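Asks: Starting from these lines, generate the structure:
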Amino acid sequence: MARWTSVGLALVPVIVCVGVAHAQAPGETEDSGYAQPPPVQPSYQPYQPPVVATDPCGGSCIDPMRSRFSIGVNVGGMGVTVDDDETGTETQFRTAEFTLAYRLGRRVDLQLLLSGGRQELEDGEDGDLAMGGGTLAVRYHFRPERKLNWYLMFGLGTTVIERADSTKEQRDAAYRPHAAFGVGLEYRFNHFALNAEIRGVGMGEREDAMDVPTTTPVPEPGGRNPLPPDTTSDPRFGQSLSGGQFTLGASFYF
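Replies: Purely as a prediction, here's the structure:
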């Protein structure tokens, strides 16, 4: 009996250890009693500076829709030839224009041009003829946000070429329809701008085309003949006219 008692006492520690091991699952701790996930090591991410939008204009962009109206003045010269004149004689005019424009969109504006000029002779003196007219034009700007941009223009209007001392009735009868196409370059300082433009102009018949004389009138004795001996090159009497014009100008946007 004492022998089996000694054996039982010797097996007690073994049984206790086996019971404790069975009660605590692998991965469990004595504090929580639950399995803890392994610690996560934070991944290293290099510093990335904030993305800043680049300015394609280098800090000098212009909002074309902020100031949509503009007024301006252009000065320049215009040469007119009669299409039927085989000699190609050109009549030169000094011109000045008043302009008013309204921006319809970023790239498109509508422009009104009121022009006038005086014939310029080869010696620089004023001739007998004067011209005037108006044009309603559309301009397409290719770089509207840039200070330096270029554009195309197309316009329709009327032109009158008559003697400088003609009456209102004579000028009204001398109006011709015209179409103009041109290309221009503009440099803008926010509200102020400078521009250069070259145009081609085609003019139709006068309103009184059926009444225009085809021969030179004979002057009265002691009077001055208002026409050259050959009227084929006189822009007043040509059936249709062609012209080229170059202008320099300044505008103010508001």
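Asks: State the mean pLDDT of stretch 240-250.
Replies: Average pLDDT, stretch 240-250: 97.
Asks: OK, contacts around the residue lying closest to residue 240 once chain neighbours are set aside?
Replies: Using CB to CB, 6 or more residues apart in numbering and skipping the chain neighbours, the partner closest in space to residue 240 is residue 83 (4.7 Å). C-betas here are computed from N, CA, C, even on glycine. Residues near residue 83 by CB atoms under 8 Å, 6 or more residues apart in numbering: 238, 239, 240, 241, 242.
Asks: same check, this time on residue 239
Replies: 82, 83, 84, 205, 209.
Asks: redo that, cut-off 10 Å
Replies: Each residue near residue 239 by CB atoms under 10 Å, 6 or more residues apart in numbering is listed here: 82, 83, 84, 203, 204, 205, 206, 209, 212.
Asks: Likewise for residue 76?
Replies: Shown in contact with residue 76 (CB under 10 Å, 6+ apart): 93-97, 115, 117, 196-199, 245-249.
Asks: Can you turn the buried part of the residues you listed into a ChimeraX selection?
Replies: Buried members of the contacts of residue 76, defined by 16 or more other CB atoms under 10 Å, are picked up in ChimeraX with:
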select :93,94,95,97,115,117,196,197,199,245,247,249
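Asks: same question for stretch 146-166, mean pLDDT?
Replies: pLDDT averaged over stretch 146-166 gives 96.
Asks: how about stretch 86-93: buried residues?
Replies: 90, 91, 92, 93.
Asks: Quick check: buried residues in the helix or strand containing residue 114?
Replies: Take DSSP states H and E as the rule and residue 114 turns out to sit in strand 108-120. When burial is assessed from 16+ other CB under 10 Å, strand 108-120 yields the following buried residues: 109, 111, 113, 115, 116, 117, 118, 119, 120.
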